[in-house]
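Novice: sequence plus the predicted model coming up.
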Amino acid sequence: MRSTTVGVADASPITTAPGGLLGRLGAHMADHARWVFGFWLILSVALGAAAPAVFDSLAGAGWQANGSESVQVRELAQEHFGGNSATAVQVVIHSDTATMDSPQAQRLVGDLTGILQADSRFGAIVAPVPGQSVSRDGHTGILLAGANANTDEMVAAVTDVGPKLKALSSDGFEIYPTGASALWSDFNKANHEAMMKAEMFSWPVTLAIMVLAFGSLVAAGLPLLLTLTGLIASAGGLVLLNHVTSISVWAMNFAMMFALALGIDYALFLVSRFRDAIRGDTPPRIAVAITMATAGKAVLLSGLTVLVSLSAVLVVPAPAVRTMAVGIMFAVSFVLLATLTLLPAVLGVLGRRVNAGSLPYVARQQHRSPVFAKWGRLLHSHPWPFAVGSLLVLIALAIPVTSLKVAMPSIQVVPADASVRQGYELVQREFGRGAPGMLQIVAPASDGADVQRIVASDNRIAMVTPPQPAADDSGLVMLQATPTVDPSDPAMGDIVHSLRAALPAGALVGGAVAENLDLQQALNDYLPLVVGIILVLGFLLLLVALRAPLIALLGAGVSLLSTAAAFGVAKLVFQDGHGAGLLGFTPQGFLDGWGPVFFFAMIFAIAMDYTVFLLATAKEHYERSGDPEVAHIDGIAHSGRVIAAAAAVMVAVFFTFALADPLPPKEMGIILGVAVLLDAVLIRLILLPVLLRLTGHAAWWSPRWLRRVLPDISFAH
């Protein structure tokens, strides 16, 4: 049977707007375009005024597991030990010619102390102590500046005073601020610069893809204009939201990238449908209403799916991870709002001028693509070879994920010329490999001697300090232990675990390394819960939208295949180092720890984006014809080009981040880019259509009791 469908272009001119909330909303936006433009102009100007301050305003830390033992140690150290906590700043002083007891070195220590004491965010200042914080040859010393503020404020403090401290490097002395706060300060700066460069590079690439997809400069420019408006509003909104609750600076980085990709997706779907609806004599207002009543529903449901997927990350007790999700959700909400209000108003004003600026050598495409219609018929005639082939590729790529290792990032994530890395390497050279990862142990004073004895008996500990009494009458002591291994060595986890098991019940083990390990453990523990929540909520949303349990289950389930395959590729690249030379990085031997939780949510959200576009279009044609073959073939014919173009845009956007120097944005770009490529090609354009073909009417069947419970959402007009 050959698929035949009556589309908007084939029917008589439509003069009545379709019913439904979104259809009426579209007509209303078109009728009141000036008011809509005015609202978005005011909103963009108001929020845009705050947007330039977004990087300086947002929080720079938050990488911790709330409630963990290491966080308790940090809080106790800050309260009772002059701020000598994991967020304290170590200022490394080195000279090849002078020693730390020389007059020049003493004057320099005094100058450094004056700068630090002038900032209330720093607590007690401890000068280099021979035998503890002065190297054996006397040429390197560490000045400790305690933390007198929260983790975010300490990162900001290092950012503010760092240049002043380094400016004192003269007369043969080198100065390097180091420690966890300095690490996040330098890394956030390098990461932000890399993300901005990649973002700027992605815009012209995106525009070129959009022009090829539409064949019209005006139609191609609309998605970019819409997305830019949403990004400006969301950036300013994040600055204001940060006054209510701390938002990680990473939230803006991820939000910019994700909102750009999704905003273009949504606009692409609506503009493509509008260009089909405006053909013939259909008035622009009616064409907008038709577009919103059909494609608008798919966009709304897709946006809700993205928000629901990312909301699952909020259960993880890590402020940085939570606020990254909040930032993306915030940006996606603005882009979605602009898509459903501003874009219909623009389309209503443009009307047929949406095709203005058509390129002479690029054919104007019809909404029903003959190429994808032919592809749909091929899948319909030969489903099994394509199903088996796509499954084999996905499973082969997913197999390496079984041996994937994750850990918090090492010092290699910051550039080699960053002062924190130079100081880190200098401390290792002069004080031992484990010196940058010193452990802190807080215990009752009565247990101090036992704690020192137990820690010193561990041959993996190079040195342990005597118990230091608290500055108040809390009855606590602190000991600091230097491991024999690098802070990023997997053995650190065993060291911390065994110490916690061997020490008295009242002793707590912390420090920057312990905080990373506790965060990694929390991420690992919450991963199954996050995955489960995302899968269940994704299925429920598809079920509500489609009222078809089988295809909703299949649509959500196959998304796991592209996710597993993407992480399998990540294992080969970032853990094993395949292609590391081409991509310009040194493998750490593991994937950064937040990857599985956070990237899974992002990949699933993107995958469900395409799922909604495909299945909503297929359901529209099934509602019209009652024929699963028509639904299958015309579902691909009407959504295939949009999915392909949207995937091309996303892959281009994500792969530009693979060019970044810092490792985390490189990981993000590769993992998300590979996931989108695999998902769009092997699942949404092959496997899921084949499943529609094989399940036939059963794909759209729903029991009577379920139809009574679920809302009646129709995608036809």
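Specialist: Right, received. Where do you want to start? Numbers count the residues shown, from 1 in each chain.
Novice: quick check, central residue of this protein?
Specialist: Residue closest to the average C-alpha location in the chain (Cα atoms, centre = their mean): Phe254, at 4.6 Å.
Novice: avg pLDDT for the helix or strand harbouring that residue?
Specialist: Element membership of Phe254 [criterion: DSSP states H and E] is helix 249-277. Across helix 249-277, the average pLDDT comes to 82.
Novice: same check on stretch 217-233?
Specialist: 82.
Novice: buried ones in it, by neighbour count?
Specialist: 217-220, 222-233 (16 or more other Cβ atoms under 10 Å). Glycine gets a C-beta too; all of them are placed from N, C-alpha and C.
Novice: which of those residues sits closest to Ser358?
Specialist: Checking these against Ser358 by Cβ to Cβ gives Leu217 as the nearest, at 7.8 Å.
Novice: I'd say that closest one and Val354 touch.
Specialist: No: assessed by Cβ atoms under 8 Å, Leu217 is found out of contact with Val354, at 10.6 Å.
Novice: from Ala259, how far out is Leu231?
Specialist: 6 Å (Cβ to Cβ, to the nearest Å).
Novice: try Ala445
Specialist: Relative to Ala259, Ala445 is positioned 53 Å away (Cβ to Cβ).
Novice: the more surrounded of the two?
Specialist: Ala259 (25 against 13; other Cβ atoms under 10 Å).
Novice: joint contacts of Leu231 and Ala259?
Specialist: 331, 334-335 (Cβ atoms under 8 Å, 6 or more residues apart in numbering).
Novice: just the buried ones from those?
Specialist: Among the shared contacts of Leu231 and Ala259, the ones that count as buried by 16+ other Cβ under 10 Å are 331, 334-335.
Novice: just curious, which of these is nearest to Leu663?
Specialist: Ala331 (23.6 Å).
Novice: quick one: contacts for that closest one?
Specialist: Counted by Cβ under 8 Å, 6+ apart, Ala331 has contacts 230-231, 234, 238, 255-256, 258-259.
Novice: for the stretch 51-200 of the chain, what spans make up the strands?
Specialist: 89-95, 122-126, 140-147, 173-178 (DSSP state E, counting those that start in this stretch).
Novice: and what of the chain?
Specialist: Assigned by DSSP state E, the strands in the chain fall at 89-95, 122-126, 140-147, 173-178, 406-407, 439-444, 461-464, 468-469, 476-483, 508-510, 591-592.
Novice: relative to Thr206, which of these is closest?
Specialist: Nearest of the strands of the chain to Thr206, taken as Cβ to Cβ: strand 591-592 at 26.3 Å.
Novice: now find how far off-centre the closest one is within its chain.
Specialist: Averaging C-alpha coordinates over strand 591-592 and over its chain gives two centres that are 13 Å apart (Cα atoms, centre = their mean, to the nearest Å).
Novice: ditto for stretch 327-335
Specialist: 12 Å.
Novice: now do stretch 328-348
Specialist: 21 Å.
Novice: quick one: mean pLDDT over it.
Specialist: 92.
Novice: using CSV, list the CA coordinates for it.
Specialist: Extracted C-alpha coordinates of stretch 328-348, given in CSV (Å, rounded to 0.1, in the frame of the first residue of the first chain):
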residue,chain,number,x,y,z
ILE,A,328,19.5,24.5,32.2
MET,A,329,15.8,24.2,33.3
PHE,A,330,15.7,27.9,33.7
ALA,A,331,17.1,28.6,30.3
VAL,A,332,15.0,25.9,28.6
SER,A,333,11.9,27.5,30.2
PHE,A,334,12.7,30.9,28.8
VAL,A,335,13.4,29.4,25.3
LEU,A,336,10.1,27.4,25.5
LEU,A,337,8.2,30.4,26.5
ALA,A,338,9.6,32.4,23.6
THR,A,339,8.9,29.6,21.2
LEU,A,340,5.2,29.5,22.3
THR,A,341,4.6,33.2,22.4
LEU,A,342,7.2,35.3,20.5
LEU,A,343,7.7,33.0,17.6
PRO,A,344,4.0,32.7,16.7
ALA,A,345,3.7,36.5,16.8
VAL,A,346,6.7,36.8,14.5
LEU,A,347,5.3,34.2,12.1
GLY,A,348,1.9,36.0,12.1
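Novice: distance to Ala644 for the buried ones among the shared contacts of Leu231 and Ala259 - can I get that in a markdown table?
Specialist: Shown next, in a markdown table, are those (distance: Cβ to Cβ, whole Å):
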| residue | distance to Ala644 |
| --- | --- |
| Ala331 | 25 |
| Phe334 | 26 |
| Val335 | 21 |
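Novice: the helices in the stretch 451-600 of the chain, which residues?
Specialist: Taking DSSP state H, counting those that start in this stretch, the helices of the stretch 451-600 of the chain run over residues 491-502, 512-546, 549-557, 559-570, 580-583, 595-625.
Novice: rebuild the ones you listed as CSV, extending it with distance to Ala277 and mean neighbour count.
Specialist: Below are these laid out as CSV (distance: least, Cβ to Cβ, whole Å; neighbours: other Cβ atoms under 10 Å):
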stretch, distance to Ala277, mean neighbour count
helix 491-502, 59, 16
helix 512-546, 21, 20
helix 549-557, 26, 20
helix 559-570, 30, 25
helix 580-583, 44, 12
helix 595-625, 13, 25
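Novice: so which of the ones you listed is nearest Leu659?
Specialist: helix 580-583 (8.3 Å).
Novice: so where's the stretch 451-600 of the chain uncertain?
Specialist: Regions of the stretch 451-600 of the chain meeting the criterion pLDDT under 70 are absent.
Novice: quick revisit: in helices only, show me the shared contacts of Leu231 and Ala259.
Specialist: Using DSSP state H to define helices, the subset of the shared contacts of Leu231 and Ala259 located there is 331, 334-335.
Novice: pick the one among the residues you listed closest to Leu479.
Specialist: For those, the nearest to Leu479 is Ala331 (45.3 Å; Cβ to Cβ).
Novice: so Ser169 makes contact with Pro163?
Specialist: No: assessed by Cβ under 8 Å, Ser169 is found out of contact with Pro163, at 10.9 Å.
Novice: compare these two (neighbour count), which wins?
Specialist: Between Ser169 and Pro163, counted using other Cβ under 10 Å, the more crowded position is Ser169 (15 against 10).
Novice: who's in contact with the more buried one?
Specialist: Ile175.
Novice: quick one: it from Ala182, how far?
Specialist: From Ser169 to Ala182 the distance is 15 Å (Cβ to Cβ).
Novice: and the closest residue to Gly640 other than its chain neighbours, what pLDDT?
Specialist: Nearest residue to Gly640, sequence neighbours excluded (Cβ to Cβ, 6 or more residues apart in numbering): Phe372, at 3.1 Å. Per-residue pLDDT puts Phe372 at 93.
Novice: neighbours of Phe372, how many?
Specialist: The burial count for Phe372: 23, using other Cβ under 10 Å.
Novice: cool, the one 4 residues further on as well?
Specialist: The tally of other residues near Gly376 (other Cβ under 10 Å) stands at 26.
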